[in-house]
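Asks: fold the stuff below for me.
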Amino acid sequence: MRNVSTTSRIAAMLRKMLDFKRMRRTRWILAIRLVWHGAALEIPLNFRWTALKILGGAAVVAPSFWLTVQAVEHPPTWEQIRPNVILTFGDATASTVSLTKDTKFQFPGNGYIEFQDTKGLQCQKFKCRFSLAVSFAPIQANTQFIIGQSFSGEASWHLLLHGERLLLQREGGAIELDAPFSPKPGQSHKIDIARDEREVSLSVDDVVAAKSVAVPFTDLARDLTIGGRAGPNLLAFAGAITDVQIERMMPVFADLGKYQSYTCEQLAGQREILIDKERQLQLRMDEASQGPGGVVVNPYKIDHDAAAEELKVLNMTESSKTCDMPANWMVWCSIVLLVLAVGALPAIYPDKRTDSCIKGSSAN
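Replies: Model prediction:
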């Protein structure tokens, strides 16, 4: 009797599912009920209810897990310093007005290139990467400047070819990375400088030539130059440089725990302060950007970058605290999902007493 009744239900539901004029949602409900009653032919009722409980629990846990993953902040990424306006000095030339991956630089031996608005790199504080392909001309200069933020007599840093060695050092020779290097004239070599959490490495043609736990950078507010530097001691390079890539890791900076003790309301107030500060500094930068003779000077850039980076730290803290969601939002989401799962049971099996009636009829 029970199997006949269940079979009749299945046949009726199949007829309804074949009526394509019905709404798609209705067909889904019918499909679920079809599985339920089809299982009734072989599976006892208590096992079916246990299976439903397991599926209901999974329906709660899986979305909650997904929401938790979404709340985790993604790790910071490398920020490419492009496009920056190129300034040429002396006999140095550039193939483009601003820096791109395809820009080619030529250095006859009495000039240098400057990348505008790179004063705020701060590679002593942040993680930086520099990569460039260098081809040396057959000029017997004892010391040649390759890349750096440098000026004679200031607390600056640079990469030099000195004799047959590469030196990554501060002005005056302090904290240097020293690697043997004997380039052949006209042959291109890829040179990389990279700083991670633990050390600074100097690589030639993708082979690490030297490492140091000391940081050979300074946060001098000077624009980055290649092929030489401003001032009385040019240290001019002769040859060609291509494929220049400048990157900085954002944000592994400004105390990431600075705002952890703040409430969401305090974070919102601090956000307004930082946004206003960044806006004011941007206005000052815009006012200072029109120097005499068209020279662009941004004395406020470092402060502007610092404010922008602190705002990113605040945003990360807000994200970790889920300030844009109600309090205890994960608990409430789980409760809502549980209620929905329980509420869906009548649609799957509208009247649990039907099986009892069938059992009673069978017994009689």
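Asks: which one's the longest strand in this protein?
Replies: As assigned by DSSP state E, the longest strand anywhere in the chain is strand 239-250.
Asks: so which elements touch that strand?
Replies: Applying 3 or more Cβ pairs under 8 Å, 6 or more residues apart in numbering; DSSP states H and E, one finds that strand 239-250 contacts strand 77-80, strand 104-107, strand 128-136, strand 188-195, strand 224-226. (Glycine included, C-beta is placed from N, CA and C.)
Asks: of these, which is nearest Thr317?
Replies: When the helices and strands packed on strand 239-250 are compared by Cβ to Cβ, strand 77-80 sits nearest Thr317, at 18.3 Å.
Asks: what mean pLDDT does the closest one get?
Replies: Here strand 77-80 scores 64 as its mean pLDDT.
Asks: swap in stretch 262-277?
Replies: pLDDT averaged over stretch 262-277 gives 88.
Asks: do stretch 286-299 as well
Replies: 55.
Asks: again with stretch 84-101
Replies: Per-residue scores along stretch 84-101 average to 93.
Asks: now it: buried residues?
Replies: Neighbour counts over stretch 84-101 (16 or more other Cβ atoms under 10 Å) mark Asn84, Ile86, Leu87, Phe89, Gly90, Ala92, Ala94, Leu99 as buried.
Asks: for the stretch 151-300 of the chain, which spans come out with low pLDDT?
Replies: Residues of the stretch 151-300 of the chain meeting the criterion pLDDT under 70: 250-256, 288-300.
Asks: please redo it, this time with the cut-off set to 90
Replies: 152-155, 163, 172-176, 184-185, 195-198, 214-215, 218-221, 247-271, 274, 277-300 (pLDDT under 90).
Asks: what are the ranges of the strands in it?
Replies: 157-162, 165-170, 177-180, 188-195, 200-204, 207-212, 224-226, 239-250 (DSSP state E, counting those that start in this stretch).
Asks: mind listing what Gly148 touches?
Replies: Applying Cβ atoms under 8 Å, 6 or more residues apart in numbering to Gly148 gives the contacts Ser156, Trp157, His158, Leu159, Leu224, Thr225, Arg229.
Asks: nearest spatial neighbour of it, chain-adjacent residues omitted?
Replies: In space, and not counting its chain neighbours, Gly148 is closest to His158: 2.8 Å by Cβ to Cβ, 6 or more residues apart in numbering.
Asks: surely the one you found touches Ser152?
Replies: No. Assessed by Cβ atoms under 8 Å, His158 is found out of contact with Ser152, at 10.4 Å.
Asks: those two: which has the busier surroundings?
Replies: His158 (22 against 13; other Cβ atoms under 10 Å).
Asks: just list whatever residues bridge to the more buried one.
Replies: Counting by DSSP bridges, His158 forms beta bridges with Gly148, Gln169.
Asks: next up, the contacts around it.
Replies: Applying Cβ under 8 Å, 6+ apart, the residues near His158 are Phe145, Ile146, Ile147, Gly148, Gln149, Ser150, Leu168, Gln169, Glu171, Arg229, Leu235.
Asks: can I get these in JSON lines including distance to Glu278?
Replies: As requested, these are arranged in JSON lines below (distance: Cβ to Cβ, whole Å):
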{"residue": "Phe145", "distance to Glu278": "35"}
{"residue": "Ile146", "distance to Glu278": "34"}
{"residue": "Ile147", "distance to Glu278": "30"}
{"residue": "Gly148", "distance to Glu278": "29"}
{"residue": "Gln149", "distance to Glu278": "24"}
{"residue": "Ser150", "distance to Glu278": "29"}
{"residue": "Leu168", "distance to Glu278": "33"}
{"residue": "Gln169", "distance to Glu278": "35"}
{"residue": "Glu171", "distance to Glu278": "32"}
{"residue": "Arg229", "distance to Glu278": "31"}
{"residue": "Leu235", "distance to Glu278": "37"}
